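Asks: Sequence and predicted structure, then a few things I'm wondering about:
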Amino acid sequence: MNTENKGNKTEVRSQPSALFYITDKGLMLAKKLKELFPNSQMVKFKSEAVSEVWSECKNLIFIMAAGIVVRTIAPLIKGKRTDPAVVVLDEKGEYAISLLGGHLGGANKIAKEIADFLGGRAVITTASDVNNLPAIDLWARENNLVVENWDLLPKIGTLLLNKGFLKVYADIGIKLTDKLQKTDNPETADILITNKNNLFAHTPIHLYLRPKNLIIGIGCNSGTSADEIEDAVKSILAENNLSFLSVYSIATIDKKSSEPGLIAFTEKYGFKVKTFTSDELNNVKGVVKSEAAFKATGAKAVAEPAALLASGAKKLLVPKQRIGNVTIAIALKGSNELQVTSNKLKNKGSSLVTRHSSLYIVGTGPGSIEHITPYAQNAIRNSDVIVGYGTYLELIQELIKDKEVVSTGMTQEIDRCKRAVELAMSGKTVSIISGGDPGIYAMAGLVFEILKNSNELQVTSNKSVESRESKNSSLVTRHSSLIDVEVIPGISALNACAARLGAPLMHDFACISLSNRLTSWDLIEKRLEAATTADFVIVLYNPKSMGRQGHINKARDIILRYRTPETPVGIVKSAMRENEKIIITNLKDMLDHDIDMQSTVIIGNSQTFLWEGWMITPRGYANKKQ
Ligand code: SAH
C-alpha cells in the first residue's frame, strides 16, 4: 500500500512554510531550501517567531539542534489533525528529521524530499513507515473516508503492527490492499467502513471510517434557524442509524440559496450545497406533491427531488420526514447501483445499505505464484469466491486454500463465466482466474459478452464510459449498474516464453492460436500466411492437442514456403512451472521435438539469429548510423 499522501509533491511544499535558522551556515542552508519551498519565509530563530507562524504555516523547517525545537514547540502542540509538519535539520543538511506531523502533517514526506534534494538522509520514526505498513489515517484520507473514533487509531495501529494485517468490513465498493483484508462479517472486523451509525448494540471496539456518501435534501420555512436545521438533520440521521460524518452535501431549491439559517448550517460544517430550479425539481418523477411547498416555492416538493437530483440515485435512502420547520430526505451519492439489504444488517434492524459487488477477471501468469503480480494476488486474497479451471487453480493452490472455489473443466468456459457473474451479482466479491493474461485467448472477452447479453444485467455502458472519461485515466474499475468489473493483467505465455528464449519478440510479431475450436482452420491458415509474408515473428499458442495433432505440421509447411529451413524456432514447454523445458531449434528440425498444449512456439523472422544459446530478433540498432 502506498502510505504517501497522494497529493503531488509540489502541492505540499508550495503551502506556506517557514525556514528557521540560527547560524550563518544555517542561513545558507535555508537559502538553498527556499528553492524547494517557493512559498516560504526565512526567519532568524526566536521562540516568539515560532508561535506567530505556528497556525498559519503548513511546514516548519528548523536548522538547529532538535532539543531547541522540542522545547520551543512543546506548548504549541495540539493534535495530529491540526499541527503543522515539523522537520529538523542539522547545519550540514545531512539529516532531515521528521519530528511532528509525520503522516497527516506530511512531515515524513517533506523530510524525504529535503533529504533527496540535499543528498542527505531522512530520519523517519513512525512505526508504520519503518515496518512498511499502511498508516490507517493516511489511507483513510486518500480514500475520502472520515475517521470517527480517533482515540482508537493508536490501538488499531498497534494491532496492525502485531498481526501484520487488519480485517475490514465495508458496505461500499472500496479497493483494499494486502494488509487490509476484507471480511463479510462486521463482528470480526477491526475496521468498519460504513455510513451506518452503529453496526452493533455494544460499545464500539472497532475503528469506524465513514464514507462521505449521503446527500441531504432540505426544504425549510423562511427564517428557520441554523440550529433548528442542524438538530433536524442530526435527529433524522440518528433515527435511520446513519452517521453525520457521512454527510457529503446538501441539496435544495435555488430560492433557498440565500436562506440565512441554511447558509450558516452548511458553512459551519463546510458542506457543499447544490441547488435546483423549481422546473428541474418538478421534472423528477414519482415525487409526492406538497401544497405548502408548491405555494411557497412553485416546486411540487423540494427535499426529495433535490436529494435525488444531486445524488444521481433512482431511489431515496430515507423518504422525506418533517420536523418542525424542516423537511429532510436522504439519498446515496452516485447510487444508481443495486441496493440490497444485507442479511447481517437486517438482523440488526438497520435499513438499506448499498452493496457494490466486484468481479475481478484475474490473470495468474504462466504458472508460479511469484509471477503473479502483487496487485492480482491482492484481488484474489480479497475475494470471497474463486472461479476457474482445474489446472490453473492447482498452480495457485497456496493463495486460494481458504476460499470458496468453483472449478469447472477446460471447455466449460461459458458456464464458468456465467457462474462468476451470478456470484458477483449475489453480492460476493469474485475472482475469475485465467492463466497468463485474461485478455489473451482467455476469459475477459467472454465475461464482457455475457454481461452485454445478459437481460437481467442491463449494463449502463454509456454511463460507465462517460464516468470513466470524465475522471482520470487511472480509473480502472468500471461501474456497471450492478457490479464493478476490473480486468487485472497477467504475464502471458508470450512474455514468459520469450524471456526464456532470449529476445525473440524485439520486433513486430503476430500471435496466432492453432486451435480451431472457435476459429475456422481456413482463417487460421490465412493469418499464418499473412503473418509469414509480412515477415512478422510468429508466436503460436495452442500448438497441438489430442484432437489436433496435424495443425503444427500444416502451420510449419505454410511458413516454410516463405522462410528458410534455418529460421530459428524456440519451443518453450510449461514456462515458469516445475517441468519447464526450453528448446531452440529451426524450422527444418522443429517437428523432432515434443510440442504439446503446454507449449508455445516462437518462429523467428528473416533477421532472427542465435547467439550462445539465445534466440534474438534484432531491432535494427546495428544498422543505424550513429
Ligand atoms: N491466457 C493465456 C493463454 C491461454 S491459451 C496466456 O495469456 O498465456 C493456452 C495456451 O497458452 C497453451 O496451449 C500454450 O500455448 C500457452 N501457454 C500457457 N501457459 C504456458 C506456459 N506456462 N508455457 C508455455 N506455454 C503456455
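Replies: Cool, the structure landed.
Asks: so which residue of this structure comes closest to the ligand?
Replies: Of the residues in the chain, the one nearest the ligand is residue 436, at a distance of 1.9 Å by C-beta to the nearest ligand atom. Every C-beta, even on glycine, is put in place using the N, C-alpha and C of the backbone.
Asks: isn't that residue right up against residue 442?
Replies: Yes - with contact defined as C-beta atoms under 8 Å, residue 436 and residue 442 form a contacting pair (6.6 Å).
Asks: Return every residue with contacts to both of those two.
Replies: Both residue 436 and residue 442 are contacted by residue 363, under the criterion C-beta atoms under 8 Å, 6 or more residues apart in numbering.
Asks: of those two, who's got more company?
Replies: Here residue 436 and residue 442 are set side by side on neighbour count (other C-beta atoms under 10 Å), and the busier one is residue 436, at 26 against 22.
Asks: Quick check: the nearest residue to the more buried one once chain neighbours are set aside vs residue 382, distance?
Replies: Distances taken as C-beta to C-beta, 6 or more residues apart in numbering place residue 492 nearest to residue 436, at 4.3 Å, with adjacent residues excluded. Taken as C-beta to C-beta, to the nearest Å, the spacing of residue 492 relative to residue 382 amounts to 23 Å.
Asks: Same drill for these two, tell me which one is more crowded.
Replies: Shown here are residue 492 and residue 382; by other C-beta under 10 Å, residue 492 has more neighbours (25 against 20).
Asks: what's the more buried one in contact with, if anything?
Replies: By C-beta under 8 Å, 6+ apart, the contact set of residue 492 is 363, 366, 436-437, 440.
Asks: can you give me the strands in the stretch 251-400 of the chain?
Replies: Using DSSP state E, counting those that start in this stretch, the strands found in the stretch 251-400 of the chain span residues 272-276, 318-323, 326-332, 339-340, 353-354, 357-363, 385-389.
Asks: Tabulate the ones you listed in a markdown table, adding columns for mean neighbour count and distance to the ligand.
Replies: A markdown table is the format used below for those (neighbours: other C-beta atoms under 10 Å; distance: least, C-beta to the nearest ligand atom, whole Å):
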| stretch | mean neighbour count | distance to the ligand |
| --- | --- | --- |
| strand 272-276 | 17 | 45 |
| strand 318-323 | 18 | 47 |
| strand 326-332 | 26 | 38 |
| strand 339-340 | 16 | 33 |
| strand 353-354 | 21 | 34 |
| strand 357-363 | 26 | 7 |
| strand 385-389 | 23 | 10 |
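Asks: just so I know, which of these lies nearest residue 233?
Replies: Between residue 233 and these, the shortest gap by C-beta to C-beta is with strand 326-332, which sits at 6.1 Å.
Asks: what angle separates that closest one from strand 318-323?
Replies: In terms of direction (axes from the mean of the first three to the mean of the last three C-alpha atoms, to 10 degrees), strand 326-332 departs from strand 318-323 by 160 degrees.
Asks: Can you name the residues of the chain that neighbour the ligand?
Replies: Counting by C-beta under 6 Å from any ligand atom, the residues of the chain close to the ligand are 366-367, 434-437, 440-442, 492-493, 496-497, 541-543, 572, 574-577, 597-600.
Asks: By mean pLDDT, flag the weakest helix or strand of the protein.
Replies: Lowest mean confidence among the helices and strands of the chain (mean pLDDT, DSSP states H and E): helix 343-346, at a mean of 25.
Asks: sorry, back to before: now tabulate the strands of the stretch 251-400 of the chain in a markdown table and tack on mean pLDDT and distance to residue 423.
Replies: A markdown table is the format used below for the strands of the stretch 251-400 of the chain (pLDDT from 0 to 100; distance: least, C-beta to C-beta, whole Å):
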| stretch | mean pLDDT | distance to residue 423 |
| --- | --- | --- |
| strand 272-276 | 90 | 37 |
| strand 318-323 | 91 | 30 |
| strand 326-332 | 94 | 24 |
| strand 339-340 | 30 | 14 |
| strand 353-354 | 30 | 19 |
| strand 357-363 | 88 | 8 |
| strand 385-389 | 91 | 5 |
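Asks: still on that earlier bit, enumerate every residue touching the residue of the chain closest to the ligand.
Replies: Contacts here follow C-beta under 8 Å, 6+ apart; on that basis residue 436 touches 363-366, 442, 490-493, 496.
Asks: Among those residues, which are located in helices?
Replies: With helices taken from DSSP state H, the overlap with these comprises 493, 496.
Asks: Which members of the contacts of residue 436 are the farthest-apart pair?
Replies: Taking every pair in those and measuring C-beta to C-beta, the maximum separation is 14.3 Å, between 442 and 496.
Asks: one step back: list just the nearest of the contacts of residue 492 to residue 292.
Replies: For those, the minimum distance to residue 292 (C-beta to C-beta) is 59.3 Å, reached by residue 363.
Asks: Residue nearest the middle of this protein, spatially speaking?
Replies: In the chain, the residue lying closest to the centroid (C-alpha atoms, centre = their mean) is residue 175, at 4.9 Å.
Asks: May I have the phi/psi pair for it?
Replies: Comment: the main-chain dihedrals of residue 175 come out as phi -90, psi 130, following degrees, to the nearest 10.
Asks: thinking again about what came up before, so which of the contacts of residue 492 comes closest to residue 264?
Replies: Of all the contacts of residue 492, the one with the least separation from residue 264 (C-beta to C-beta) is residue 363, at 54.1 Å.
Asks: Quick check: the residue lying closest to that closest one once chain neighbours are set aside vs residue 61, distance?
Replies: Closest residue in space to residue 363, ignoring its immediate chain neighbours: residue 490 at 2.2 Å, by C-beta to C-beta, 6+ apart. When C-beta to C-beta is the yardstick, residue 490 and residue 61 sit 45 Å from each other.
Asks: can you list the domains in the chain?
Replies: What the record gives for the chain is the domain set 12-125, 136-211, 214-336, 343-488, 495-621, from automatic domain parsing.
Asks: Mean pLDDT lowest where, among these?
Replies: Between the domains of the chain, the one with the least mean pLDDT is domain 343-488; it has a mean of 71.
Asks: right, and residue 496 touches residue 368 too?
Replies: No - at 9.8 Å, residue 496 and residue 368 do not qualify as touching, with contact defined as C-beta under 8 Å.
Asks: Can you show me the strands along the stretch 401-550 of the chain?
Replies: Counting by DSSP E, counting those that start in this stretch, the stretch 401-550 of the chain has strands at residues 404-408, 430-434, 478-479, 483-488, 502-503, 509-513, 537-541.
Asks: Just say which of those is most tucked in.
Replies: Mean neighbour counts were compared across these using mean count of other C-beta atoms under 10 Å; the top stretch is strand 430-434, at a mean of 28.
Asks: Can you pull out the residues in contact with it?
Replies: Contacting residues not belonging to strand 430-434 are listed as 357-364, 379-380, 383-389, 392-393, 396, 416-417, 420, 423-424, 438, 442-444, 447, 490 [C-beta under 8 Å, 6+ apart].
Asks: Check the gap between residue 107 and residue 13 for me.
Replies: Separation of residue 107 from residue 13 (C-beta to C-beta) stands at 12 Å.
Asks: what's the burial count for residue 260?
Replies: 12.
Asks: and it, what does it touch?
Replies: Per C-beta under 8 Å, 6+ apart, neighbours of residue 260: residue 226.
Asks: ok, it to residue 278 distance?
Replies: Computed as C-beta to C-beta, the residue 260 to residue 278 distance reads 21 Å.
Asks: Repeat that for residue 550.
Replies: Distance from residue 550 to residue 278, by C-beta to C-beta: 75 Å.
Asks: Looking at these two, which is more packed in?
Replies: residue 278 (18 against 10).
Asks: My guess is the more buried one contacts residue 296. True?
Replies: No - using C-beta under 8 Å, residue 278 and residue 296 do not qualify as a contacting pair, with a distance of 10.4 Å.
Asks: if we can go back for a sec, what sits in contact with each of residue 107 and residue 13?
Replies: Here residue 107 and residue 13 share the contacting residues residue 59, scored by C-beta under 8 Å, 6+ apart.
Asks: Between those two, tell me which one has more neighbours.
Replies: Neighbour totals were compared for residue 107 and residue 13, and residue 107 leads with 29 against 22 (other C-beta under 10 Å).
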